[in-house]
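J.: fold the following and give me the result.
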Amino acid sequence: MRMSEGCEVAAGALEPAADDPLFSATDFRTDLDAIDVPTLVIHGDDDQVVPFDVGGKASAARIKNAALKVYPGAPHGITDTHKDQLGADLLEFLNS
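T.: Predicted coordinates:
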């Protein structure tokens with residue numbers, strides 16, 4: 001796989017970790033239940049790597065008082081494809 005095809009994982013810096021059995025087989029859902037700080041979950045609704053319903057939507061539902069921001073039509077690699085919007089949303093959240 002070329003870097004441009006799969007650099008979404010780890011903020012676009014690494015090849016996809018989905019090939020790593022520890023990454024794909026580890027269930028982190030109970031860890032989400034323990035988060036007790038303000039949390040912003042951002043997810044593209046056209047993510048083909050981690051579908052929105054099992055990723056962003058499910059994560060936000062498990063984290064107490066999480067804010068969910070959905071990017072319509074956005075893929076998994078929003079750090080590359082939506083970097084300006086992502087930066088603005090992160091700053092807004094951090095300043096709130």
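
J.: and the residue most central in space within the chain, what is it in contact with?
T.: The structure's the chain has its C-alpha centroid closest to residue 43; by CA atoms, centre = their mean the separation is 5.1 Å. Residue 43 is in contact with 50, 52, 55-57, 59, 68-71, 74, 78, counting by CB atoms under 8 Å, 6 or more residues apart in numbering. Glycine gets a C-beta too; all of them are placed from N, C-alpha and C.

J.: in helices only, show me the residues you listed.
T.: Counted as lying in helices by DSSP state H, out of the contacts of residue 43, are 56-57, 59, 78.

J.: filter these to the buried ones?
T.: Of all those considered here, the ones buried according to neighbour count by 16 or more other CB atoms under 10 Å are 56, 59, 78.

J.: let me know the closest of these to residue 36.
T.: For these, the minimum distance to residue 36 (CB to CB) is 14.7 Å, reached by residue 59.
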